[in-house]
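S.K.: Mind folding the following:
(one chain, ligands or ions: 1)
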Amino acid sequence: MNLDQHARLDQLDPDGMIERIGELPQHCRSAWALTQELELPPAYGAVRHVVVLGMGGSAIGGALLRGLVAGECDIPITVVRGYTLPQFVQGPEHLVIGCSYSGNTEETLSAFGEALGRGVRALAVTTGGALAALADEKGLPLLRFDYRSQPRAALGYSFTLLLGLFSRLGLVRDYAAELHAAVRVMEQWQAEIGPQVPRAQNAAKSLATRLVDRLPVAYGAGVLAAVANRWKTQFNENSKHWAFFEVLPELNHNSVVGLGIPGGVRDRISVLALRSSLDDPRVRVRWDVTQELLGREGVAVETLWGRGDSALAHMLSLIHFGDYVSFYLAMLNGVDPTPVETIAFLKRRLAEASTA
Ligand code: F6R
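M.R.: Alright, predicted model coming up:
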């Protein structure tokens, strides 16, 4: 497969995942604008805890937000990926945000339903489905966006809508200028890694080529921990490829002991070190020692640095770069990046099981 053969790429990507990836910077701008128009009850800004509910491509926005604002937001943010809410989430001091692209994901609907029975403040972020209907019925604030894609391709919305919401509620500072600067950084990098740029000059195409038949394991620290998670899931869903992620410094307390065995696996792993110049100084030392340990075992390492001059720019630029890599790897794997038939199969089987 030649990544510079555009006709072949079009053939393998009939639903245009490459266009969806190309639109990511613009989604961030549109999502930000949407949050500026939303009417919010003032009491929502007085909460003492925020819970973000979601699964898969609709949960990652909450995880990214938590990583980004943890150092400045003086209330805790919990991301729940499952059916049930923690028992302590009771009463109006808690804001529960149900995030589901389709609005029909059963885990999210279940936890959101529990929340409504517990007197919390609630809000929905969705394109429609049962979640939008529930929000309408209960008169809850609803951040509805209209973008036809796979949920994971709507990350510009699922993340930026939450960031804008937090800014509007005064839970974090106003990120407008930082967001727009980060979007420009994405667009500048995009000009170097888009499909029109030949492989010889295209770092995303080259990296994808080196990942063929290998197991990518993304490493990230701090704000890039959730970005490593995003890389893993994009390899899974776009490239239909096994992948994992690990978080620093935690991986220094376990994974480093098992880098050598089994040899057959070790020899097929590529560690993707997602780095930020803003990493904590002690974490920087850990990166150096970790790379030394990986080198000692002969494990291949690829280092990717976030671009721009803010944590937000580092996050978004690396997400965008990783999305392109996952697309090119899909092409090299000879698969259509858009459908996720296995997830649809699971959802169908679950629906049958609940009616049996
Ligand atoms: C598919 C994808 C999935 C979905 C997940 C939840 O592109 O990313 O991980 O996000 O199955 O579905 P929604 O987002 O509709 O709640």
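
S.K.: For stretch 148-168, buried residues please.
M.R.: By 16 or more other CB atoms under 10 Å, the buried positions in stretch 148-168 come out as 149-168. Any C-beta I mention is one placed from the backbone N, CA and C, and that applies to glycine too.

S.K.: do stretch 92-108 as well
M.R.: 94-105, 107-108.

S.K.: give the contact list for the closest residue to the ligand within the chain.
M.R.: With CB to the nearest ligand atom as the measure, the residue in the chain that lies nearest the ligand is Gly56; the distance is 2.1 Å. Listed by CB atoms under 8 Å, 6 or more residues apart in numbering, the contact partners of Gly56 are 151-152, 233, 343.

S.K.: Pull out whichever of those are also neighbours of the ligand.
M.R.: The subset of the contacts of Gly56 within reach of the ligand, by CB under 6 Å from any ligand atom, is 151-152, 343.

S.K.: on that earlier part again, near the ligand, from the buried residues of stretch 92-108?
M.R.: Filtering the buried residues of stretch 92-108 for proximity to the ligand by CB under 6 Å from any ligand atom leaves 100-102, 105, 108.

S.K.: Return the subset of those lying in strands.
M.R.: When DSSP state E defines the strands, the subset of those inside them is Ser100.

S.K.: need the ones next to the ligand among the buried residues of stretch 92-108 in JSON lines with pLDDT, can you?
M.R.: Formatted as JSON lines, the entries for these read as follows, by pLDDT from 0 to 100:
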{"residue": "Ser100", "pLDDT": "98"}
{"residue": "Tyr101", "pLDDT": "97"}
{"residue": "Ser102", "pLDDT": "96"}
{"residue": "Thr105", "pLDDT": "96"}
{"residue": "Thr108", "pLDDT": "98"}
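
S.K.: Return the closest of the ones next to the ligand among the buried residues of stretch 92-108 with respect to Ile21.
M.R.: Closest approach to Ile21 among these (CB to CB): Tyr101, at 16.1 Å.

S.K.: Could you verify my assumption that that closest one touches Gly128?
M.R.: No. Contact between Tyr101 and Gly128 fails when scored by CB atoms under 8 Å: they sit 9.3 Å apart.

S.K.: Quick check: residues of the stretch 51-200 of the chain near the ligand?
M.R.: Taking CB under 6 Å from any ligand atom as the test, the list of the stretch 51-200 of the chain residues beside the ligand reads 55-58, 100-102, 105, 108, 150-152.

S.K.: one more time with 5 Å, if that's ok
M.R.: For the stretch 51-200 of the chain, the residues found near the ligand under the criterion CB under 5 Å from any ligand atom are 55-58, 100-102, 105, 150-152.

S.K.: just those now: which is nearest Tyr328?
M.R.: Comparing these against Tyr328 with CB to CB picks out Arg152 as the nearest, at 16.3 Å.
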